[in-house]
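coords please:
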Amino acid sequence: MRRVAAPAYADDVGRQSATPSLGDEVRRLARNWSVELTPRETERFGTAVREHVPAGTCVYITWLTGTDFAPSVAAAAKLRAAGLEPVPHLAARAIRDKDTLDDMLVRLRGEADVRQVLVIGGALREPKGSFDASIQVLHSGLLEHHGIRRLGVAAHPEGSPDIAPAALDEAVTLKNEYAARSGSQLELTTQFCFDPAPITQWERRTRAAGNRLPVVVGLAGLAGVTTLIKHARNCGVGSSIGVLLKQAGKVLRLATAVDPSDLLLGLARARWGDAESAIARLHFFPFGAFEATARYAQALEQGRFEIVDAERRIVVSH
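As a prediction, the model looks like this:
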């Protein structure tokens, strides 16, 4: 199983021809989806990860607060050996100084041929050293020095409990400036969300303010409602948690996997009606439901789904 380029739609160049269907937009969103694993999960799956995702898939590697970075390097090496594209998290507040960052990048490049990273601020209240924000990691010059020019950077459509709204807006501006100045390929990768409205409104607002970076939308995997509520509260997910709580009231068993149709169709409609939308693709947070999430993502990418109930629900085939 190897990921191949999805067929081009008539509107892929300038959207000048026939308007695609809503299903086409869903499939385009799922094109080149990515997924996230912890080092422990990567160790457990080993090379069997390739049984669930196509070759070349970007697999992000979480760096949990308070843990050593060595397991991230080992996980990246395993994923590279399995024919996948490892994308380790670099949490700015957990990195002591430039020498530490340099050593981390030396190991990632040398042991796993890492070519892409996700740079985030990190969940620590107090930084361990001289880095307080992701933009400082970018400005260190070490990523370019080590040949890493494909970068994900965090975005917060629903805000962040630790960062003022004005500072979040300024961070998007600074990241655009860094991309233009360095020539690096940056993506804004959002926290997972359950409601499309905050994402689409934020995307339009930041675009009007000058954002030119593609937006990768974080999507919770097919985990149970209880699991997702716990992670949403821990991660500071904002107003859209109400959508999840409403869904929890509709299911009889809290272990039932959440249906992401509302979010996917809302994002697809936003792209469908706005040729300039920066919403580019999907990134999945499985939260322990890796196999089910990977099957679902592939079904979307391959077009093995139907939109039913008057375009309110996506049903995939396995």
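
burial measure for the nearest residue to residue 81 once chain neighbours are set aside, as a count.
Distance criterion Cβ to Cβ, 6 or more residues apart in numbering; nearest residue to residue 81, sequence neighbours excluded, is residue 47 at 6.8 Å. Quick note: C-beta positions are derived from backbone N, CA and C, even for glycine. Number of residues near residue 47 (other Cβ atoms under 10 Å) recorded here: 12.

Where does residue 47 sit: helix, strand or coil?
Of the three states, residue 47 takes helix under DSSP: H, G, I helix; E, B strand; the rest coil.

ok, which stretches of the stretch 1-150 of the chain are helices?
22-30, 39-45, 70-81, 98-112, 134-139, 142-145 (DSSP state H, counting those that start in this stretch).

so where's this structure uncertain?
1-19, 223-257 (pLDDT under 70).

In it, spot the helix with the most residues.
helix 165-182 (DSSP state H).

Just name whatever secondary elements it is in contact with.
helix 134-139, strand 185-190 (3 or more Cβ pairs under 8 Å, 6 or more residues apart in numbering; DSSP states H and E).

Quick one: name whatever helix or strand follows the last one.
Reading on from strand 185-190 to the C-terminus, the next helix or strand found by DSSP states H and E is helix 196-208.

can you list contacts of that following helix?
Outside of helix 196-208, the residues that reach it under the criterion Cβ atoms under 8 Å, 6 or more residues apart in numbering are 155, 157-158, 169, 172, 190, 193, 211, 215, 217, 238-240, 262-263, 265-267, 269-270, 274, 276-279.

Buried ones from those, can you make that a ChimeraX selection?
Buried residues within the contacts of helix 196-208, by 16 or more other Cβ atoms under 10 Å, are selected in ChimeraX with:
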select :155,157,158,172,190,193,211,215,217,238,240,262,263,265,267,269,270,277,278,279
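
quick revisit: any chance of TSV for the helices of the stretch 1-150 of the chain, columns mean neighbour count?
Converted to TSV, the helices of the stretch 1-150 of the chain look like this (neighbours: other Cβ atoms under 10 Å):
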stretch	mean neighbour count
helix 22-30	21
helix 39-45	18
helix 70-81	21
helix 98-112	17
helix 134-139	20
helix 142-145	16
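
Minimum distance to residue 222: which of these has it?
With Cβ to Cβ as the measure, helix 22-30 is the member of the helices of the stretch 1-150 of the chain nearest residue 222 (14.0 Å).

Could you list every helix and strand in contact with the host helix or strand of residue 283?
Following DSSP H and E, one finds residue 283 within strand 279-285. When contacts are defined as 3+ Cβ pairs under 8 Å, 6+ apart, strand 279-285 packs onto helix 22-30, strand 34-37, helix 196-208, strand 215-220, helix 261-272, helix 290-301.

Given the second one, what are its sheet partners and their directions?
Right, the one you point to is strand 34-37. Applying DSSP bridges, strand 34-37 is found paired with strand 58-61 (parallel), strand 279-285 (parallel).

Highest mean neighbour count out of the ones you listed?
strand 58-61 (a mean of 24; mean count of other Cβ atoms under 10 Å).

wait, what's in contact with the residue nearest to residue 37 when sequence neighbours are not counted?
In this structure, residue 37 finds its nearest non-sequential neighbour in residue 59, 5.8 Å apart by Cβ to Cβ, 6+ apart. Neighbouring residues of residue 59 by Cβ under 8 Å, 6+ apart: 34, 35, 36, 37, 42, 49, 53, 79, 84, 85, 86, 87.

again with residue 108
Applying Cβ under 8 Å, 6+ apart, the residues near residue 108 are 73, 76, 88, 114, 117, 146.

Minimum distance to residue 306: which of the helices of the stretch 1-150 of the chain has it?
Nearest to residue 306 among these is helix 22-30 (8.0 Å), distances taken as Cβ to Cβ.

tell me the angle that closest one makes with strand 215-220.
Interaxial angle, helix 22-30 versus strand 215-220 (axes from the mean of the first three to the mean of the last three Cα atoms, to 10 degrees): 90 degrees.

Mind listing residues that contact helix 22-30?
So helix 22-30 is contacted by 6, 9, 20, 217, 264-265, 267-269, 271-272, 279, 281-282, 297, 300-301, 303, 305-307, 311, 314 (Cβ under 8 Å, 6+ apart).
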